[in-house]
Structures are given as structure tokens and as C-alpha cells.
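[1] sequence? don't have it. structure:
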């Protein structure tokens, strides 16, 4: 039996029914608690009512029960939305995170898949359960004898997996540190999802009208039966009907119709249909996004996206239902018809949004990992320097320079400087494109690939590309050097000591794994630090993170706190929490902005 006075490993899982986890109609039907007694796993299965409710509440309030879940963020969300308390000193474990950390390239991290592969645990119960769900059953309608067997399995499997996997995490100090931060990041993310971000209703309505009008105006270019999302139909249109010569090909050897290819084809053919297709794709995708957001918003107009804390193979966070990580913020060279969808989001009444970005973090980490010492010294001298401006300078030179400081080099530096001062809008657009250039070269892109990224011909960027390679040679060789390391070791360690397996057939992606994995750790550790700061100072309701995108955290802050004399010190402290990490030697820099009306209309925060 469970011993309330003894530290004891347990597993637990809820069976729920109702709507989305953030909708108050969600209900707990039953639960299971697994534990070990006399060397055997035993499972308690109870309905969440009467005595069963009291047993669960006592269990949750007892910190002596170490609680193991598979996807603990969901279990925490159920507790929060049903206002069920649990002890603040509870030690949590998540077997899905354990699997993701040890086997980042694994085909599936689902509970049934892991238990089957490692223990031969039958998947028949899960298959049957999914059949019930597909047939429209809710858990309260599933046959009681089957549901009991299913819940017993859910009590056994997390304990088995934890006993197998956790020792390998615990024995490695670096990995253990990464794991415990992942657990804390789950707690932060659960609260972040619960806060959510508010839809700007008027802007959504206005933008839908503009998009629908724009799409209606494009109909003159297409036959009614043409499916613009069909590669087969577009291939026939481009290469048979319009007689355009193919310039890119798919892995199967067929002429490509992807976005970059269509962008390049606009240079080969002046047919307005090509630009119309680009515009149609941009507008129709934006309209579909807004319509989905309106469906998913709660009764207060809040979107609660599902944020996966560790789903990507690199450890990066991802976002689903809806995906808010793919929202355009401004124009770019590779998007001729951008839709400023961030206008559709606003702060709650009495609040402002404070988007905080880790400035140039990927390029900084590439420089650090490649040990490009001259640029490291450049940053150590002034952490505020704009690294992407260096790339703009390389592409502003008229010829390939002979040495740093010669006339060709100095003229390019001057051209870039004048453009930044005299035409800041054009400079911003160019910087955005060349920002991706630095990443691309660091990740192994050669001249041909870079030309595709910039939507230019190789001869148009030949000089700029060679100037970058000559000026920053270790960045240019970084991908090749990392690939060799992957081929020898089968993976790469992040700056925090977390080993990421890399598919040997895709060793060329090792540089991406290293940089994305390290950036993910920085991002998540900063979030946990800020979360704990807010919790300790008890003002989460006045300031919190309600959304994050890649290397940007969006703080929602009450106007009274923003105007207080304490805020400058709070802001500086939060910046240090996100910037100062022992394992990162190169300076990091947080850039704060403020959005008072909507997320798209933001400016630098002058505090």
C-alpha cells in the first residue's frame, strides 16, 4: 500500500472527458496511481468522486510521493483548471522527457511505443482505446472492465520506463541538470499556456475583409478547377502550358513548384499568374490562420496554444493548435506579399506586451562554437554590436577584398553605414535577408544554395559570398568541421553537455543540431529563471510571459508596474536572468520592445 510517511516512487494518470483543457467543461472521470510493494508494481484505480476524490487529494498534497507522469504538463493543466491543489515541494518526473533526452531521434515517444519497444508491453489496449475514441465514445461510456485494464497499464508503464531510463540521466551531472530544467520548464509552460494571448477582434475582422477582397481579385488569373496547392497541377501549368524551363528539381527528379522556385521563376517569366500564385498562397494561408484562431479562442477571446517543450530533435520548443510560431512580423525579401498577422493579437486591458528577443543569438553561438576569435573579441569589446551588419558590409563591397582594411573593404563598410543612416527601411529589409545568409553559410550553404535563399542568381551574390567566407573563414568551415565530428561520434554535445544523436545519413545537419540545441537550452533556462523570479516575488498577475517564439519571449506587463520606479531594476534583472549563463562565454544580448495596441506595432522600449 501507499505509505504516506515514506518517500515513495509513484506514477499517476488521469482519464478525462469534456472540451479543451482550458475550457471549464473539462472533467476528471477517473485516475490511476502506480506504486511498488514487495518488488511488484501495483495500481490503484479510482473514480474521481466520493472517497476516490479524497484519496487523490491526499496523494497530491503529500510530498513524500514522488510523482511520475508521461506528459506531466497535461496532468498539471488538469489540476490547475480543476483547481485541485498539490504540494509545492512535490518532486515530479516525466518519462516522455526522459525518452526525448536520451533518444532524441527516436521514431515515437508515446507511452505505448516506448513500453512496447523496451519491455514488449502489448499495445492492444491502446489500439482498442483509440477505436473507442474514434467511434465517439467518452471515457465515462467505455466499458468499465476494459477501462480498468487500460488504466492499470497506464499505472505500470511509467514506473517501468522511469526505472530503466532515469539512472542514465542521473549519473551524468550535465544531463541531470538539463533534465531538471526541463521539468521546471514544463511548470512554466503550463502557466504560460494558461495565460494565453488575446485576439484583437477588430483587427481580425478588418484583416479578413482585406484578405478576402485580395483573393477575389486574383480569380481572373486562374481556371476555376486549378488547385494552387497541387504540385502536380502547378507543374503542368508552369512547365507544359507556360513552357517555362525548369530550374529546380525535387528529390524524385520532378520539376519543383515550392515557394523559392516560384520566386525564381518570376525572373524567368513575366506572366502575372506567377506573382498571383505567390500572393494567393500568402493570403489564403493567412485567412485560414485567422479563421482557426477565432474558432480556438475561449469566451474571453484568449488563445491557449499547445506548446511542446521538448518535441523537436534539437530540444527546441514547438507550438501547435494553433501554431503561433509561423506568424510573419514584417516584410522580407523572400515574401513579396507578407500579411502582418501579429496585428491580430493584443494585450489584455490595462496591460502592454513587451517582446524580448535574444539578439542575433544563432550567429553569436555559431561564432562561439566555431571560435571565430576576431569577432568574439569584437563582441567582448561591445556586446551591443550588430553582427548582421557585418554581413551587410560583406555584400556591399564592389569587389572581393584583398585584406581587411583595404580600399575595397573600407568602401563596403561605408556603403553599408550610409544605407543604414539614409534609408533605414531598405536597410532593415536587406539586414533581415542577410541575417539568414550568415546562418545559412554557418549551417553549410554554398553559393548555389545561398542564391536560392536570397532569390538571386549565383553570379549576383558571388562577390558578397566570397567576401563573407574570406572575412569569417571559421564560420564558413563550421558545418564541415561539425559534420566530421558527427561522423566520428554519432552526435554532438550542446554547450550545456546534452548529447544529441544525429542520423549518420544526415551528419551535415550537425551544425544545426548544435546551435539549435544550445539556443533551446538558453531559451528554456531563461524562462525558468524568470518564472521563479515572478513566483518568488508574487507578482505573476502583474507581469508574466504569455507567449514565446523561438528566441523571443513576450512578456505581458501591467501598465502600473511599467510606470513604477521599480520597473527599470526589474527589467535589468530579467535581462540578466536570460543572458548570464555559466556555460555560454560569448556575450548575449536581450532587446526589449513595447506593443501597446497590438503585437505588430511595437517599438524599442526606452526604459
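    Great, that's in hand. All values reported here derive from a predicted model rather than from experimental measurement.

[2] Any stretches of the stretch 101-250 of the chain with poor pLDDT?
    Residues of the stretch 101-250 of the chain that meet the criterion pLDDT under 70 lie in 222-225.

[3] can I assume residue 487 is in contact with residue 505?
    No. Counting by CB atoms under 8 Å, no contact exists between residue 487 and residue 505, whose distance comes to 10.6 Å. Yep, even glycine has a C-beta here, placed from its N, CA and C like the rest.

[4] between those two, who's got more neighbours?
    When residue 487 and residue 505 are compared on other CB atoms under 10 Å, the one with more neighbours turns out to be residue 487, at 13 against 7.

[5] which residues does that one contact?
    504, 507 (CB atoms under 8 Å, 6 or more residues apart in numbering).

[6] Could you check the pLDDT of the closest residue to residue 61 other than its chain neighbours?
    If you skip the residues right next to it in sequence, residue 61 has residue 87 as its closest partner in space, 5.1 Å away by CB to CB, 6 or more residues apart in numbering. Per-residue pLDDT puts residue 87 at 96.

[7] cool, residue 540 as well?
    pLDDT, read off for residue 540, is 85.

[8] again with the one 3 residues further on
    In this model, residue 543 is scored at 96, pLDDT.

[9] State the next helix or strand along the chain beyond the lowest-mean-pLDDT helix or strand in the chain.
    Taking mean pLDDT, DSSP states H and E as the measure, the helix or strand of the chain with the lowest value is helix 259-268, at a mean of 76. Scanning the chain past helix 259-268 towards its C-terminal end, the next helix or strand to appear is helix 272-296 (assignment: DSSP states H and E).

[10] Can you list the neighbours in contact with that following helix?
    By CB under 8 Å, 6+ apart, helix 272-296 touches 199, 204, 207-208, 211-212, 214-215, 218, 221-222, 228-229, 234, 237, 242, 259, 262-263, 265-266, 303-304, 321-322, 327, 335-339, 341, 344.

[11] Can you say which of those residues are buried?
    Buried subset of the contacts of helix 272-296 (neighbour count, 16 or more other CB atoms under 10 Å): 199, 204, 207-208, 211, 214, 218, 221, 228, 234, 237, 262-263, 265-266, 303-304, 322, 327, 337, 339, 341, 344.

[12] Filter those residues down to the ones in helices?
    When helices are assigned by DSSP state H, the members of the buried ones among the contacts of helix 272-296 inside them are 204, 207, 208, 211, 214, 234, 262, 263, 265, 266.

[13] in the stretch 451-600 of the chain, which spans are helices?
    Secondary structure of the stretch 451-600 of the chain, counting by DSSP state H, counting those that start in this stretch: helices at 458-471, 473-476, 478-489, 510-537, 559-563, 567-579.

[14] So which of those is the most surrounded?
    Highest mean neighbour count of the helices of the stretch 451-600 of the chain: helix 510-537, a mean of 22 (counted as mean count of other CB atoms under 10 Å).

[15] and that one, what's its mean pLDDT?
    Rounded to a whole number, the mean pLDDT of helix 510-537 is 96.

[16] Which pLDDT value does the model give the residue lying closest to residue 371 once chain neighbours are set aside?
    Among residues not flanking residue 371 along the chain, residue 474 sits closest, at 6.3 Å (CB to CB, 6+ apart). According to the per-residue confidence, residue 474 scores 95 in pLDDT.

[17] what's the spacing between residue 474 and residue 585?
    Computed as CB to CB, to the nearest Å, the residue 474 to residue 585 distance reads 16 Å.

[18] Return the residues in contact with the residue nearest to residue 483 when sequence neighbours are not counted.
    Sequence neighbours aside, residue 507 is the residue nearest to residue 483 in space, at 4.8 Å (criterion: CB to CB, 6+ apart). In this structure, residue 507 makes contact with 483, 486, 487, judged by CB under 8 Å, 6+ apart.
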